[in-house]
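In: with the input below, show me the fold.
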Amino acid sequence: MTLQFGLNDCNCWRTDEGLPRVSPAAFVANLNEMIERARLFGAAEIVLATNHRTLRRGPLPSGEPYEEANARYNELIRDVAAASGVTLCDVWQKFVPFDDRILERMLLPAPDALHLSEEGNRVYCDAIWPFVRESVSTVLTSKGALIER
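Out: Okay, here's the model as predicted:
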């Protein structure tokens, strides 16, 4: 199973009175519950992914820049992955080398500047595919099946 939070979780709207859409504590609890339920229902392998960088640099109504909130929630994901023993795919790190000019191609045009473009989805795929392939291989191997790597 792959699991990734939505970028809206760290977002903050004017109607939220400065609070994020999902508090950090609730976010961690939600991730842990999804992992626990996935395991209960038979997920043998879980890949937990961070989110990519965006070009949203302006402040949220809370005053925190959007990208700082995104980075903070990504750190929570890293912590949950380590504590729960699931596999971490750090998508954020795959996007770190891109300057704004390149990152602009990876994202949908402004005013979005958040969701991945076709090119950005290819980078995302390159980031997560090795983890998915290894997880599938592990499951098949544990079931006695042979898989071509």
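
In: tell me which stretches of this structure form helices.
Out: Ranges of helices within the chain are 24-40, 66-84, 91-95, 100-106, 118-142, based on DSSP state H.

In: residues contacting the second one, please?
Out: Residues outside helix 66-84 that contact it (C-beta atoms under 8 Å, 6 or more residues apart in numbering): 5, 7, 9-12, 20, 24, 27-28, 31-32, 35, 48-51, 53-54, 56-60, 62, 86-88, 90, 92. The C-beta positions use only the backbone N, C-alpha and C, and glycine is treated the same way.

In: ok, back up a step: turn the helices of the chain into a markdown table, columns for distance to D16.
Out: A markdown table is the format used below for the helices of the chain (distance: least, C-beta to C-beta, whole Å):
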| stretch | distance to D16 |
| --- | --- |
| helix 24-40 | 13 |
| helix 66-84 | 12 |
| helix 91-95 | 24 |
| helix 100-106 | 27 |
| helix 118-142 | 27 |
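
In: who wins for proximity to M1 among the ones you listed?
Out: Closest of the helices of the chain to M1 is helix 24-40, at 5.0 Å (criterion: C-beta to C-beta).

In: how about that closest one: buried residues?
Out: By neighbour count on 16 or more other C-beta atoms under 10 Å, the buried set for helix 24-40 is 27-28, 31, 34-35, 38.

In: and those residues as a markdown table, adding pLDDT?
Out: Listed next are the buried residues of helix 24-40 as a markdown table, based on pLDDT from 0 to 100:
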| residue | pLDDT |
| --- | --- |
| F27 | 97 |
| V28 | 97 |
| L31 | 97 |
| M34 | 98 |
| I35 | 98 |
| A38 | 98 |
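
In: which parts of stretch 71-82 are buried?
Out: 73-74, 76-77, 80-81.

In: I should have written stretch 113-126 there, sorry.
Out: Those would be 113-114, 116, 120, 123-124, for stretch 113-126 by 16+ other C-beta under 10 Å.

In: rewinding a little: just put the buried residues of stretch 71-82 in TSV and tack on distance to P130 and pLDDT.
Out: Output for the buried residues of stretch 71-82, formatted as TSV (distance: C-beta to C-beta, whole Å; pLDDT from 0 to 100):
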residue	distance to P130	pLDDT
Y73	23	97
N74	19	97
L76	23	97
I77	18	98
V80	21	98
A81	16	98
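
In: nice, that's everything, thank you.
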